[in-house]
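> Structure, please.
(chains A, B, C and D)
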Protein chains: 4
Amino acid sequence: MRRIAVFTSGGDAPGMNAALRAVVRTAAWNKLHVYGIERGFEGMIDGHFQRLERRDVANIIQRGGTMLRTARSKRFMTPEGRRAAYDHLKAYDIDACIAIGGNGTFTGAKIFSEEYKIPFIGIPGTIDNDLYGTDYTIGFDTAVNTAIDAVDKIRDTADSHNRLFFVEVMGRNSGYIALYTAIGSGASSVLIPESETDLEDLKSVLRKNKARGKLFSVVIVAEGHPMGGATGIAEKIQHELASMEPKVTVIGHLQRGGAPTAADRLLASRLGFAAVELLMEGAENIAVGIVNGEVTSMPFDDAINKQKIPSDELIRMASILAI
Amino acid sequence: MRRIAVFTSGGDAPGMNAALRAVVRTAAWNKLHVYGIERGFEGMIDGHFQRLERRDVANIIQRGGTMLRTARSKRFMTPEGRRAAYDHLKAYDIDACIAIGGNGTFTGAKIFSEEYKIPFIGIPGTIDNDLYGTDYTIGFDTAVNTAIDAVDKIRDTADSHNRLFFVEVMGRNSGYIALYTAIGSGASSVLIPESETDLEDLKSVLRKNKARGKLFSVVIVAEGHPMGGATGIAEKIQHELASMEPKVTVIGHLQRGGAPTAADRLLASRLGFAAVELLMEGAENIAVGIVNGEVTSMPFDDAINKQKIPSDELIRMASILAI
Amino acid sequence: MRRIAVFTSGGDAPGMNAALRAVVRTAAWNKLHVYGIERGFEGMIDGHFQRLERRDVANIIQRGGTMLRTARSKRFMTPEGRRAAYDHLKAYDIDACIAIGGNGTFTGAKIFSEEYKIPFIGIPGTIDNDLYGTDYTIGFDTAVNTAIDAVDKIRDTADSHNRLFFVEVMGRNSGYIALYTAIGSGASSVLIPESETDLEDLKSVLRKNKARGKLFSVVIVAEGHPMGGATGIAEKIQHELASMEPKVTVIGHLQRGGAPTAADRLLASRLGFAAVELLMEGAENIAVGIVNGEVTSMPFDDAINKQKIPSDELIRMASILAI
Amino acid sequence: MRRIAVFTSGGDAPGMNAALRAVVRTAAWNKLHVYGIERGFEGMIDGHFQRLERRDVANIIQRGGTMLRTARSKRFMTPEGRRAAYDHLKAYDIDACIAIGGNGTFTGAKIFSEEYKIPFIGIPGTIDNDLYGTDYTIGFDTAVNTAIDAVDKIRDTADSHNRLFFVEVMGRNSGYIALYTAIGSGASSVLIPESETDLEDLKSVLRKNKARGKLFSVVIVAEGHPMGGATGIAEKIQHELASMEPKVTVIGHLQRGGAPTAADRLLASRLGFAAVELLMEGAENIAVGIVNGEVTSMPFDDAINKQKIPSDELIRMASILAI
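As a prediction, this is how the structure comes out:
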């Protein structure tokens, strides 16, 4: 193995730059040449490669986003697209690829590596934390901290006005960000796709809280909640709770950005480091992860097809501490 | 003068606590007794008064929201409401009031003080900065910093994906937050109620920017923009700009909260201090403010009826620097 | 079990309030009465107890410091002090205690509970992360994020001036904060008490970096480094590195404060919750912790006497990624 | 006028990048060519010039430090150094220069422009705010916010332990940062070079505060205080205040870094914009500034030789509000 390529793909996540830095420097330490591919599979198809040396990844560990940019690629889902991508990898004499992204990225990597026999290692980078095979994905801790910081601010005004707030956080298919944000911000309630939502129950909790002297309430709703996110939930019950002056806030895309937290920088550094070491040892077509504090890996198939869901213990604790 | 009351009213703004602290401590220094009224005119009507001494306002200068809570009061618009308020002020033997809030608060104060001959001093507290008679209102600097911090984060993801973002910031009747956020975040364009918006022009600017190599664009829109805020604008033009993958984000209520910035703490301290000093000198029915760095004051009538609008120079500069 | 007491002791750490909230609310849920003791063992000796109900711990999850204050207590090391403490516990009819603190706190708890047969549960709260029996202590994640944020800022100026900075972070006996800060901030080198420091080696690394085109360097030093912290190290080698304009910064006590991070709020919530549940199940004289993501517990003796040290793998990775 | 050069010099300050961006874009708008000079006068002597176009200053408005780096230059104090600098300016056909920095930078610019008849415009960039001719310098607002944020954190721990903290903030010859930090953080006392310090008075204030029930105290000391900064002050009086467990923290270089605040981005944008416009109108050898909200300018001589000092009103207010 002499030359590897690395790219980011799918949604961006804070810490992707820290992972790129770790890949490039670990590879350099091991005398490998690294090429960065711009905009994920799109750049692979279009031949947008650049040599990355140690100094090229200096001073990026603290930056949100990804210096290689990212994209979703429809063309890569076609045989023609993948063929073009392969031709470019060959032209640059690439022996293996490291892909930083989520489920869609791993799926693309798996299909491609089976077709063209080029080893891939996946690094889980997505704020949603919905990937099996790792306790945390790169970007999740930052997104949760950003969401909690927003709720801390909203609480100032909720508290000043004795109001009820429905706050929507990201998570299209997953309630991780919502659950962690709710616990961390001391929210009254949390509604996630992985648990049944009983609106009668919710109304009763909110009313009981008010009766107990709680002056304001914040309800955290996952973006992907089947009743239509925070807006959908609020529409269904706001009339009955009109005296609490309900308001809706959708925190939105700012959850994807910002300087990565310590934990995300550390996680990204460890996974980037491990990905290169595993490649050197001959691993292929696996996703790396951290489970119980230790670096692990698993076949793409498992990472893609198995589902990770928030623990019942945390959900139960959230409801007890909220009272 | 021996006893004064102080309250916050209308929308809350970061720095209101710093103003309360300054009022209480300056009054204590001048041997006045201070009563805090909860929830603005509502608490005045309901008799929710509490004695505030120096230590009661310790450790609040850094807190968002307002320790006295705030509200809008429909009852205070009725003669009966104001009568009840007056009775409570008399019961507590209050000689004068200091009201922290915006236009509606000052209007209530003016009507009441004319009816019942109780001197009022107004302190401009609103994130919108739309009050005449002061260069800045308490909370504005914090709201702008919060909005810019959000746009900095959104830029990470906009940059990573080569996208177009329409970002809505607060300002129901005023474009101050939008204009300052746009300049401070280096946005491509800013749309405010005080200026005509030409959508053809906007589209042309965005396309030209792209042609010049600008990889992403952020357009800041004031909440009160007559075309329906960021959502309204985006709906009108997103189809024609589909290749830029336009997204909408409404930053929302978090702009009202958070620890006040240095400038808001200083402004609030100076205005709270000045309000008490002016009361001691016999002033009444005026709003205090800072103009050109100096504390000033003006009759409620002027503060309420005159309009302050963003300078053309800043608007022009914003468009030149955005290119 | 009907009545429990809770207190914070030793150095304060962000997240202690979140732990107090979790203890009080979990206890309330389980129909226990809770008393908060002010200033740790000092308040136990002096009888400073207060009833804590659900609403008393509202709106504190986001606050640094500890609402019960904290102290180190020399008097508690004497039999007379502990006797007085016991008398107050009896007077309030306390059945068990939950102590939030570090090694010294656990030692006091162990001695006391052996003497007076009152069950204690310890919750590890210290920014230093130097307690055995838990992967992370409450406050560590916040302290590391604060230190990294400071280094991010110092890097702006180090980068602008091509300078060498020695930055001292907290950790009197432990290099955890230093190591995590170094990895997270991409520092050139890290010096901790747990590893040998070879100054010749350090100088050679710094010179090599400069020769390779690295424009500035940051060296992280643990407060407890045996050569005298950052100041001591800098004094020894700054003359030989004079061309790099070395500077020393001691980040200091601000690492102890600030709103706790998401991870610290979650950790504190889980440990406070678990402590009460374990008490209910009859546990005594143990410290709770999180190991590999799961709540665990161990006898005070182990928590006090066994040593936890940073992993060699992380130390090695830090040096490879720094190049 | 067709070609101008711009550079940053002396100590770096947050917002310098925003000023560079404004200069480059305003110049481009006016069809001027801009060259950036690296490391201030050093780069002018060594011929380190680079063409800066609009896109080169994209995405830097939010960055601390300065993309052109900065330095102090001894060589520029010699005729030979200035001669070499002149030769490079001529080689690049530069018609005028814009210098961003503090007093030393302006002095160098004045001497040089008198010697070689090349027009200079100075933009005040220094965190210390000690330049005459402008109400605020670029970087001051950010430095004050950073210092206040640090004191907010220190207060968490001071409050938890009932302690006395001496906190040193930057300001080698000037107490602006200290005074604003003290007001904004609600400090008990502030010691600056511009006012006499009476240690007996300080001790008496601290003791009186304690007697009044104030549980902790923070004293802000300017770096340049003639008694030796915070360390010097603490040494003199800590024994007499031993019961308050005095601690010293020097906030240090992190005050120079970080993303600039809204106010600094706006100030830097306005001053950069104005500098180019004034050059186009034929101005030379002046420093721009903002006085009473309006852009102004004054001859270098005045900016260099006149002294700006904090207002007595603010100092008096700080002491009244602290009680």
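
> Next one: the closest residue to chain D within chain A from residue C:153, what distance?
Using CB to the nearest CB, residue A:259 is the residue of chain A that sits closest to chain D, at 9.1 Å. All C-beta spots, glycine's among them, are computed from the backbone N, C-alpha and C. Between residue A:259 and residue C:153 the distance is 11 Å, computed by CB to CB, to the nearest Å.

> same thing with residue A:200?
From residue A:200 to residue C:153 the distance is 50 Å (CB to CB).

> So for the two, which sits in the more crowded spot?
Comparing residue A:200 with residue C:153 by other CB atoms under 10 Å in any protein chain shown, the one with more neighbours is residue C:153, at 25 against 8.

> Out of the helices and strands in chain A, which is least certain?
Counting by mean pLDDT, DSSP states H and E, chain A has its least confident helix or strand at helix A:199-211, which shows a mean of 91.

> Just the CA trace of it, in CSV.
Taking C-alpha atoms only, helix A:199-211 is exported to CSV below (Å, rounded to 0.1, in the frame of the first residue of the first chain):
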residue,chain,number,x,y,z
LEU,A,199,-50.6,13.6,23.2
GLU,A,200,-53.1,13.2,26.0
ASP,A,201,-50.2,12.2,28.3
LEU,A,202,-48.2,15.2,27.1
LYS,A,203,-50.9,17.6,27.8
SER,A,204,-51.5,16.1,31.2
VAL,A,205,-47.8,16.4,32.1
LEU,A,206,-47.7,20.0,31.1
ARG,A,207,-50.8,20.9,33.0
LYS,A,208,-49.6,19.0,36.1
ASN,A,209,-46.2,20.8,35.9
LYS,A,210,-48.0,24.1,35.8
ALA,A,211,-50.2,23.2,38.7
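
> What degree of burial does the residue of chain A closest to chain D show, as a neighbour count?
Residues near residue A:259, counting by other CB under 10 Å: 22.

> give me the element it is part of.
Under DSSP states H and E, no helix or strand contains residue A:259.

> got the contact list for the closest residue to it other than its chain neighbours?
Nearest residue to residue A:259, sequence neighbours excluded (CB to CB, 6 or more residues apart in numbering or on different chains): residue A:62, at 5.0 Å. In this structure, residue A:62 makes contact with A:259-260, A:265, C:148, C:152, C:155, C:185-186, judged by CB atoms under 8 Å, 6 or more residues apart in numbering or on different chains.

> run the last query once more with 10 Å
A:14, A:17-18, A:259-260, A:265, C:148-149, C:151-153, C:155, C:184-186 (CB atoms under 10 Å, 6 or more residues apart in numbering or on different chains).

> cool, residue A:51 as well?
Applying CB under 10 Å, 6+ apart, the residues near residue A:51 are A:3, A:33-36, A:92.

> What are the phi and psi values at it?
phi -70, psi 130 (degrees, to the nearest 10).

> any idea which of the contacts of residue A:62 has the most stuff around it?
Of the contacts of residue A:62, with other CB under 10 Å as the count, residue A:14 tops at 34 neighbours.

> That one against residue A:256, yeah?
Yes - applying CB atoms under 10 Å, one finds residue A:14 in contact with residue A:256, separated by 7.4 Å.

> Name the residues contacting each of these two.
Counting by CB under 10 Å, 6+ apart, the residues touching both residue A:14 and residue A:256 are A:64-65, A:127, A:139, A:142-143, A:146, B:153, B:156-157.

> Please flag which of these sit within strands.
Among those, no member falls in strands (DSSP state E).

> From these, list the ones also adjacent to chain D.
Contacts with chain D within the shared contacts of residue A:14 and residue A:256, counted by CB under 10 Å from any CB of the partner chain: residue B:156.

> Let me know the closest of the shared contacts of residue A:14 and residue A:256 to residue D:131.
Nearest to residue D:131 out of the shared contacts of residue A:14 and residue A:256 is residue B:153 (CB to CB; 32.8 Å).

> Is it correct that the closest one is in contact with residue A:146?
Yes - taking CB under 10 Å as the definition, residue B:153 is a contact partner of residue A:146 at 7.0 Å.
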